[in-house]
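[1] What follows is a predicted structure for the sequence shown.
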Amino acid sequence: MCFSLDNGARMGEIDGFAFPNESLDEPREVEMKLYEYQAMELFARSGIPTPFSRVASSPEEARQLTAEVGKKVVIKAQVHMGGRGKAGGVKLAETPDEAEKAAEAILGMQIKGLTVHKVLVAEAIDIKNEIYLSVTIDRVSKRPIVMASAAGGVEIEQIAAETPEKIIKYIVDPIAGLRSFEARKVTAQLFENQKAVGKAANLLVNLYHLFINGDCSLVEINPLVLDADGNVIAADGKVDIDDNALYRQPELLKYREAIDEDPNEVRARELGLNYVSLDGDIGCIVNGAGLAMATVDWIQLFGGSPANFLDLGGSSSVAKMVRALDIILGNPKVKTVLVNILAGITRCDDIANGILEARKQIQSDKPIVLRLAGTNEEAAQALLEGTDIQITPSMREGVQTAVEIAKSK
Ligand code: GDP
Ligand code: MN
């Protein structure tokens, strides 16, 4: 999860600042989150030192991999969530047998509601120091920002909340990029040993390049560790990539296949719909992102809870409407659907035909509340005459009706 710090920047593992309706209070940034093992692969390709590691889907596989490593390993749950260490999702194992047991305990485990399907088997590091290091975008200066702390590790959330002065922030000039001497200014505050300062500075420059070249919204290493031999190594990795840039990141797009996303979001994306799953029970179909945001806000305002954000986009087609309803009615949480259309290029009769067609094709008795205004409104009215779907006179009444229906069910 990501959220705003008071300076507008975000941190991955530091989630003390999350506010509950984040996705409703501001447009949600859509990003593709990589698993640690994927982040590690990218780090290695970017010249960032990482421990040798492989991913395993079964205890047996974890045992075999550990035997191949021939050293002490760390077994780590692969989920899109920080705090795995505290949740028991990170275990050290001295032998292949121990590794098998650790993987058995971690696979299938739930971490903050996410089931663990894979574990990372990584060569264990003899850790001397744990550092926090990340690059993200600072919303205030609208520039990349490096954040770092000598007090890295699993307590970083608490550090950020209680002693924010221990978090170093360095805003980068995006034209000049992060130059070596600037990286060194940051890392000099993290390590006492000058060799470590230099190694960490190189690593930070590489991390910055990955952030820029990969169109990332966050790259984070926590902990970045100094080991007993004086090596500076990334012992954990978090990489979020801006979805809007994926068209020019074919190399990164391949990581998506391995990510278990919300199946409705995947289907919607394949159908060319702009869809985000939310937790509530009122399904929404709206045209235009602004109206879709307003609809989600109004549902909350009137005491309801939206099941999703869905922007049909500018043009309308009967087929698109049927697909959208198919996704939304298929969500077991949905009690009623609110269709809110302000038709310009979109035609009301297309929307009405889409709803009628969906009613024929999709088995569902969930009520549909319809607010429809604009181009070909009368034609739509005529099409819906005599059906159980009526056009509510205003957005306010549409929203209120949907909230009442959802509450009564
Ligand atoms: P997170 O809790 O989800 O952020 O998972 P991390 O990968 O950051 O691991 C949590 C903690 O486990 C780290 O802060 C370390 O203290 C510890 N840890 C992780 N990897 C190793 C390792 O290779 N060796 C040792 N000794 N500890 C490790
Ligand atoms: Mn971590």
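    Noted; the coordinates are in hand. Computed from a predicted structure; not experimentally measured. Numbering: from 1, shown residues only. Ligands and ions are numbered 1, 2, ... in the order given.
[2] continuing past the top helix by length along the chain, what's the next helix or strand?
    What stands out as the longest helix in the chain, according to DSSP state H, is helix 194-213. Per DSSP states H and E, helix 194-213 leads on to strand 216-227 as the next helix or strand towards the C-terminus.
[3] What is that next one packed up against?
    strand 127-138, helix 194-213, strand 232-234, strand 238-242 (3 or more C-beta pairs under 8 Å, 6 or more residues apart in numbering; DSSP states H and E). The C-beta positions use only the backbone N, C-alpha and C, and glycine is treated the same way.
[4] Find the nearest non-adjacent residue to S141, please.
    Nearest residue to S141 in three dimensions, chain neighbours excluded: I171, at 5.2 Å (C-beta to C-beta, 6 or more residues apart in numbering).
[5] cool, and Y275?
    If the residues on either side of it in the chain are set aside, Y275 comes closest to A268, at 3.3 Å by C-beta to C-beta, 6+ apart.
[6] just checking, the one you found touches L310?
    Yes - at 7.2 Å, A268 counts as touching L310 under the criterion of C-beta atoms under 8 Å.
[7] okay, those two: which has more neighbours?
    L310 (28 against 22; other C-beta atoms under 10 Å).
[8] Output the helices and strands packed on strand 216-227 in CSV; the columns should cover distance to K112, mean pLDDT and mean neighbour count.
    Converted to CSV, the helices and strands packed on strand 216-227 look like this (distance: least, C-beta to C-beta, whole Å; pLDDT from 0 to 100; neighbours: other C-beta atoms under 10 Å):
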stretch, distance to K112, mean pLDDT, mean neighbour count
strand 127-138, 20, 97, 22
helix 194-213, 26, 98, 19
strand 232-234, 23, 98, 25
strand 238-242, 15, 95, 23
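[9] quick one: stretch 219-236 to chain centroid distance?
    24 Å (C-alpha atoms, centre = their mean, to the nearest Å).
[10] How about that stretch, which residues are buried there?
    Residues 219-227, 231-236 are the ones in stretch 219-236 that count as buried (16 or more other C-beta atoms under 10 Å).
[11] low-confidence ranges in this protein?
    Counting by pLDDT under 70, the chain shows low-confidence ranges at 1-30, 257-261, 314-315.
[12] which parts of it sit against ligand 1?
    Within the chain, the positions adjacent to ligand 1 are 13, 74, 76, 82-85, 90, 92, 124-125, 127, 130, 153-154, 222-223, 235-236 by C-beta under 6 Å from any ligand atom.
[13] and this structure, what are its domains?
    11-26+260-408, 43-49+126-255, 52-123 (automatic domain parsing).
[14] what's the closest of these to M32?
    domain 43-49+126-255 (4.6 Å; C-beta to C-beta).
[15] Tell me the residues of the stretch 201-350 of the chain that contact ligand 2?
    N222, D236 (C-beta under 5 Å from the ion).
[16] 8 Å - rerun?
    Contact residues, the stretch 201-350 of the chain versus ligand 2 (C-beta under 8 Å from the ion): N222, P223, A235, D236, K238.
[17] For the second one, give me its contacts.
    Taking C-beta atoms under 8 Å, 6 or more residues apart in numbering as the criterion, P223 is in contact with I127, E130, I131, Y132, G152, G153, A235, D236.
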